[in-house]
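Novice: I need the structure of the sequence given here:
(2 chains)
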Amino acid sequence: MFAEFLQYLFTGITIGATYALIALGFTLIYNASHVINFAQGEFLMVGGMATVSLTAMGVPMILAVVLAVILAGLLGIALQRLAIAPARQADVVTLIIITIGASIFIRGLAQLVWGKQYHVMPNFSTSEPIEVFGAVLNSQSLWVLGVGAVLVVALVLFFTKTLIGKAILATSMNKEAARLVGIRTQMVLMLAFMVSALLGSVAGIVVAPITFTSYDIGVILGLKGFVAAAIGGLGSGVGAVVGGLALGIVEAMAAGYISSDYKDAVAFSMILLVLFFMPRGLFGAKVVERV
Amino acid sequence: MLTTMMRRAGKCAAVAAAGLMMMSAQAAEPIKIGSFLSVTGPASFLGDPELKTLEMYVEKINEEGGVLGRPLELVHYDDAGNASSARNFASRLIRSDQVDLIVGGSTTGATMAAVPMIEQAQIPFISLAGAVVITTPVKKWVFKTPQSDRMAAERILADMKDRGITKFGLISGTGGFGSSGRTQTLEVAKEMGMEVVADETYSGSDTDMTAQLTNIRNTKGVQAVLNFGFGQGPAIVTRNYDQLGMELPFYQSHGVASDSFLELAGSAAEGLRLPASPLLVPESLPEDDPQKAVVQNYKAEYEARYDSKVSTFGAYAYDGLMLAVRAIEEAGSTDPEAVRKALENIKGYVGVTGEFNMSPTDHNGLDADSFRMLEVQNGDWKLIN
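Specialist: Below you'll find the model as predicted:
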């Protein structure tokens, strides 16, 4: 009985941590520009796919990861420079539509470069599952959780302790005012897209051993990540993590105790409930007040 | 005066030229084979090898002189796994491209969306999708090359019975393939006096099925587990199954019958069984097996051309095209009704998937024995029977 519960919990945490990492990337760009970057899932895909193909070419794993992250970072800069910046006068909705277009473009490119099949990445450490009180946990889940925790702390420090982080928050609050006090807002936006791409690619790399990776993996995970970000309150790092974990755990519990047929329905009802009672999400309001 | 003469001469020349063009067009007018496949999107691993196969063999047939002395022309669209695009493309193939027959439809959804259009236009259609509903009940103009999911269920359950298993847990994808497979499995189980004690599902985008498998494991009396689905989902199920340390006999459907599945599932696939086309084990087929030569040829030609492994799905397209060619040759024309009749009367055509014996009451022409039972041993397929 307890082992069963624990198993569902572990499953939920594994799925949830994946969602949380993706949600963090949404959060960052939202903080900088109030744009929801629907190409976030593509950064994730690029991270995973580049690592897989580089290791297949014989590049050592660690170097492959670094190169993949750099590649994604460049992609983030390119996205801001080539697609977002030229439309600087456009309103937020237009920018969001541009990100959707960009995501389709990147996906098409990836399909040409890497083909359409799914790829496997080995677990970072052992492939043996860890057993706790009769339930099993994929060792890769610990990597996802650990990397997620490090990234959250790093993001919080980035926004509260560094000048660039504060500049991003300032730009987000009021672009005109930020420019008046000497912040180069276009530069800030470019940085936000770059950091967000780095974040997305790291997420893509650590979750790839669990989910496999393919050119279109970003669509599915990106959507779930966005939902997680919305539950947590767009713009809050802690909210992204809580939202992601909550979504994953609810899905797993619903599949275990109610029925796997209604798993997604239960998850989406939860979102409706949260957004109905707290339209800004669980942690949304706080961040805005603090700034 | 001069101008009128000029105009008349011009008209004559134009008429003559048009006549000449029509004559030369008549001589080598191509036979148009229409196709809509899921070359991109979630079912791309079906559509991609299918299109490659069609392109390669249309080219090859043309090099060898075509069919009835006429070259084949492939008119192709990519429905990206979307049923409503499939319907639109079928309509375009019929109305504006005016194809002679259609070989295509990678998924059951795409096929079924196009069927009303095809029945109405009355042109022969050979589908490459699996579900039993495509040819049961028989539709006048619709044929298909893959074995149906019902045959897969029959083959798997028969194998279970041989091992003394009567109660098993079922997990299936919620997509068209999985849900049709689930329905067929439930029906076949009832007919064979077996019991499905646990019945779980997962959606195509799920990344972890541990919760569902835990439920099956905790069900009393379960002696084996069957997963019905395709895509990366079954590979994740296989890995989760291994992680949970489940020891029960594990079965998959023919939806995973490709080498890429082995790559994705890795060592977790060890010991699982599935019904599949002989294409996966060409070397293990006995010498007197009539399919051996066909299977080996297709594999060799495909792999030489594309530098990637063959899959069962490409073979469906191979059989579809060859059946079409044979029917046109037998009919001696591309008259739709004559081709349809010829298709319906094909007997003893040995394809890669199996031996086809069509009839007015059977537009699939295969039986459950065309599936071979395979087991994964040491990371490779092993023929069981």
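Novice: Could you count how many residues lie near the closest residue to B:Ala276 other than its chain neighbours?
Specialist: If the residues on either side of it in the chain are set aside, B:Ala276 comes closest to B:Ala257, at 3.8 Å by Cβ to Cβ, 6 or more residues apart in numbering or on different chains. Yep, even glycine has a C-beta here, placed from its N, CA and C like the rest. Neighbour count of B:Ala257, defined by other Cβ atoms under 10 Å in any protein chain shown: 24.
Novice: again with A:Ala85
Specialist: If we define neighbours as other Cβ under 10 Å, then A:Ala85 has 13 of them.
Novice: Would you enumerate the residues in contact with it?
Specialist: A:Gln186, A:Leu189, A:Met190 (Cβ atoms under 8 Å, 6 or more residues apart in numbering or on different chains).
Novice: What does the residue nearest to B:Ala276 show for phi and psi?
Specialist: With angles defined as degrees, to the nearest 10, B:Ala257 sits at phi -70, psi 70.
Novice: Next one, pLDDT for it please.
Specialist: With respect to pLDDT, B:Ala257 scores 84.
Novice: For it, give its distance to B:Thr107.
Specialist: 16 Å (Cβ to Cβ, to the nearest Å).
Novice: same thing with B:Met246?
Specialist: For B:Met246, the distance to B:Thr107 - Cβ to Cβ - is 30 Å.
Novice: cool, B:Ala324 as well?
Specialist: 20 Å.
Novice: With neighbour numbers in mind, choose between those two.
Specialist: Counted by other Cβ under 10 Å, B:Ala324 and B:Thr107 do not tie: B:Thr107 has more neighbours, with 29 against 25.
Novice: Run through the strands of chain A in chain order.
Specialist: Applying DSSP state E to chain A gives strands spanning A:130-132, A:135-137.
Novice: just checking, what packs against the last one?
Specialist: By that I understand strand A:135-137. Applying 3 or more Cβ pairs under 8 Å, 6 or more residues apart in numbering or on different chains; DSSP states H and E, we find strand A:135-137 packed against helix A:2-33, strand A:130-132.
Novice: what does it contact?
Specialist: A:3-4, A:6-7, A:9-10, A:14, A:129-131, B:210, B:243-245.
Novice: and residue 268, what pLDDT?
Specialist: You didn't say which chain, so I picked chain A. 80.
Novice: wrong chain, I was asking about chain B
Specialist: 90.
Novice: residues in contact with it?
Specialist: B:Thr238, B:Arg239, B:Tyr241, B:Asp242, B:Gln243.
Novice: rerun that using 6 Å as the cut-off
Specialist: B:Thr238, B:Arg239, B:Asp242 (Cβ atoms under 6 Å, 6 or more residues apart in numbering or on different chains).
Novice: Repeat that for A:Gly244.
Specialist: A:Gly16, A:Tyr19, A:Ala20, A:Ala23, A:Ala228.
Novice: at 7 Å what do you get?
Specialist: Applying Cβ atoms under 7 Å, 6 or more residues apart in numbering or on different chains, we find A:Gly244 in contact with A:Gly16, A:Ala17, A:Tyr19, A:Ala20, A:Ala23, A:Ala228.
Novice: Equivalent analysis for B:Lys161, please.
Specialist: B:Lys161 neighbours (Cβ under 7 Å, 6+ apart): B:Met192.
Novice: repeat that for 8 Å
Specialist: If you count contacts by Cβ under 8 Å, 6+ apart, then B:Lys161 has B:Met192, B:Met194 around it.
Novice: Helix or strand: which one has it?
Specialist: helix B:149-162 (DSSP states H and E).
Novice: List the buried residues for that helix?
Specialist: B:Asp149, B:Arg150, B:Met151, B:Ala152, B:Ala153, B:Glu154, B:Arg155, B:Ile156, B:Leu157, B:Asp159, B:Met160 (16 or more other Cβ atoms under 10 Å in any protein chain shown).
Novice: got the CA positions of it in PDB?
Specialist: Extracted in PDB, the C-alpha atoms of helix B:149-162 (Å, rounded to 0.1, in the frame of the first residue of the first chain):
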ATOM      1  CA  ASP B 149      -4.500  -5.700 -35.400                       C
ATOM      2  CA  ARG B 150      -7.000  -8.400 -34.800                       C
ATOM      3  CA  MET B 151      -4.600 -11.000 -36.300                       C
ATOM      4  CA  ALA B 152      -1.900  -9.600 -34.100                       C
ATOM      5  CA  ALA B 153      -4.100 -10.100 -31.000                       C
ATOM      6  CA  GLU B 154      -5.000 -13.600 -32.100                       C
ATOM      7  CA  ARG B 155      -1.300 -14.500 -32.600                       C
ATOM      8  CA  ILE B 156      -0.200 -13.100 -29.300                       C
ATOM      9  CA  LEU B 157      -3.000 -14.700 -27.300                       C
ATOM     10  CA  ALA B 158      -2.500 -18.000 -29.000                       C
ATOM     11  CA  ASP B 159       1.200 -17.800 -27.900                       C
ATOM     12  CA  MET B 160       0.200 -17.000 -24.300                       C
ATOM     13  CA  LYS B 161      -2.200 -19.900 -24.300                       C
ATOM     14  CA  ASP B 162       0.600 -22.200 -25.400                       C
END
